[in-house]
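Undergrad: Here is a sequence with its predicted model. Questions after.
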Amino acid sequence: MHYLRPSPSLQSPVRAMTPIPTHRGSPSRLVIQCAYRFDSANATNPPVAPTSAGFNFCGGVGSTRADWQSTCAILASKVVSQQQDTKKDSGNVAAVNGHKTLDLVPVDTNSNLPRALTITDLSPAPMHGAKLRVAYQGVPGAYSEAAAGKAYPNCEAIPCDQFEVAFQAVELWIADRAVLPVENSLGGSIHRNYDLLLRHRLHIVGEVQLAVHHCLLALPGVRKEYLTRVISHPQALSQCELTLTKLGLNVAREAVDDTAGAAEFVAANNLRDTAAIASARAADLYGLQILADGIQDDSSNVTRFVMLAREPIIPRTDRPFKTSIVFAHDKGTSVLFKVLSAFAFRNISLTKIESRPHRNRPIRLVDDENVGTAKHFEYMFYVDFEASMAEARAQNALAEVQEFTSFLRVLGSYPMDMTPWCPSRDE
Ligand SMILES: O=C(O)C(=O)C[C@]1(C(=O)O)C=C[C@@H](O)C=C1
């Protein structure tokens, strides 16, 4: 099976990528031409803790509020300059159903004044005026593509051969968003993607929960008895483990990069002894038959995806928000307990806590004088909590957390996906 990957031997920054950003017809995936690998063991190029302007907690609540204000100002000025451009072209007359109408925008005597933010400014549209371009790992038919469509209906989904490439697509302005699976209700956390969130400087701007309904796919005419192998994404294989055994499929299981890629591989190589675990849409796209439907071990199998962007969104309080942070501390007793109690005392619910070993990968910390030092931490802790960064209780909790920790970064504050997916929630 041939999957293109960034070359591990190259360590220079990305020079170019090959965007083929369409999934009309037969799409190709984004691949890195000149590969870039973050060498975290290399102290000269360790991952950087982003600056306060990048929505990072560096100087307590006061500076963070200021950061938000400047971020708002930047967003507002972008909106104003875009508006001024379009006004120049159209004058004050617009056409509706062929009838000319007067655009009743009040004449602003001082056009330099920024106008007030409105609700539409809070979910920024792509600056290029086209469809929102969303990078995902996999090929069409992958669940990540479905998650992109759920989060951004009518978006243009851009297939990438690796998660790293999806991040870079956004960083290099080839895509506007990236979609990243972070947790599955059966398989648990997708650890590698947590590491990527830390290594890159993108911001979490949303989440979606996607019900994942797996099918066993094979070439038309193939029967279960012919199979000697089942291939899929490792998460998908583990989500169907018991059912495969129940179906009598005690055959070799092989992991590939994504579910739909597995289906494509079976079809492209005319494999009559191999089945793929993938979506019904993948069966349609690659001309496979569905041998078994709904083969996930748990009928309420759900994967949580986060959406990433170059800029954070402005947190609000008019709907439920979630905030994701990552922190690390020097050796010491009860730091974790203190951090958790900062949330508990303010009645802030935690929805997730994850620790990742981080011993051999230094983090570059930047102090108030902008001097950077590489620092090693044994563990990184990731916490999601149910509050918006626009709430005083969340700001105060983080100010307290900052006192106990040596490194703290807000990965994003974003609207919660409230789609009910767990049957027990509706009962
Ligand atoms: O392979 C895919 O189709 C994906 O979108 C990836 C992925 C994952 O990484 O967990 C997404 C959802 C499912 O849980 C299985 C696989």
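TA: Everything's here; your move.
Undergrad: Could you use CA atoms for every contact and neighbour count after this?
TA: Fine.
Undergrad: residues in contact with residue 267?
TA: Counting by CA atoms under 8 Å, 6 or more residues apart in numbering, residue 267 makes contact with 219, 286-288.
Undergrad: cool, and residue 404?
TA: 329, 335, 338-339 are the contacts of residue 404 under CA under 8 Å, 6+ apart.
Undergrad: Export the residues you listed to JSON lines and append columns for distance to the ligand.
TA: Putting those into JSON lines (distance: CA to the nearest ligand atom, whole Å) gives the following:
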{"residue": "329", "distance to the ligand": "29"}
{"residue": "335", "distance to the ligand": "32"}
{"residue": "338", "distance to the ligand": "32"}
{"residue": "339", "distance to the ligand": "29"}
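Undergrad: Pick the one among those residues closest to residue 146.
TA: residue 339 (35.9 Å; CA to CA).
Undergrad: Find the nearest non-adjacent residue to the closest one, please.
TA: Leaving aside its sequence neighbours, residue 339 sits nearest to residue 401 (CA to CA, 6 or more residues apart in numbering; 5.3 Å).
Undergrad: Now do the one you found against the ligand, distance only.
TA: In this structure, residue 401 and the ligand are 31 Å apart, going by CA to the nearest ligand atom, to the nearest Å.
Undergrad: One more: residue 167?
TA: 15 Å.
Undergrad: correct me, but residue 144 touches residue 180?
TA: Yes. Here residue 144 reaches residue 180: they are 7.1 Å apart, a contact under CA atoms under 8 Å.
Undergrad: Need the overlap of contacts for the two.
TA: Here residue 144 and residue 180 have 136-137, 305 as joint contacts, going by CA under 8 Å, 6+ apart.
Undergrad: pretty sure residue 215 contacts residue 275?
TA: No. Shown here, residue 215 and residue 275 do not form a contact pair, counting by CA under 8 Å, at 9.9 Å.
Undergrad: out of these two, which sits in the more crowded spot?
TA: Shown here are residue 215 and residue 275; by other CA atoms under 10 Å, residue 275 has more neighbours (32 against 24).
Undergrad: List the strands paired with the host helix or strand of the more buried one, with their directions.
TA: Taking DSSP states H and E as the criterion, residue 275 maps to strand 274-278. Under the criterion DSSP bridges, strand 274-278 sits next to strand 215-218 (antiparallel), strand 229-232 (parallel) in its sheet.
Undergrad: And the strands in the stretch 301-427 of the chain?
TA: Applying DSSP state E, counting those that start in this stretch to the stretch 301-427 of the chain gives strands spanning 302-309, 321-328, 350-357, 363-366, 372-375, 379-385, 407-415.
Undergrad: In CSV: the ones you listed, plus mean neighbour count.
TA: Converted to CSV, those look like this (neighbours: other CA atoms under 10 Å):
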stretch, mean neighbour count
strand 302-309, 23
strand 321-328, 22
strand 350-357, 14
strand 363-366, 21
strand 372-375, 15
strand 379-385, 19
strand 407-415, 26
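Undergrad: Among the ones you listed, which comes closest to the ligand?
TA: For the ligand, the closest of the strands of the stretch 301-427 of the chain is strand 302-309, at 5.2 Å, according to CA to the nearest ligand atom.
Undergrad: where does the stretch 301-427 of the chain come near the ligand, residue by residue?
TA: With the criterion set to CA under 6 Å from any ligand atom, the stretch 301-427 of the chain comes near the ligand through residue 303.
Undergrad: at 8 Å what do you get?
TA: Contact residues, the stretch 301-427 of the chain versus the ligand (CA under 8 Å from any ligand atom): 302-303.
Undergrad: For residue 181, which non-adjacent residue is closest in space?
TA: Closest to residue 181 by CA to CA, 6+ apart is residue 305, at 4.1 Å.
Undergrad: This protein: helices as residue ranges?
TA: Secondary structure of the chain (DSSP state H): helices at 60-90, 143-151, 163-171, 191-199, 234-239, 241-246, 259-268, 280-286, 335-344, 392-404, 423-426.
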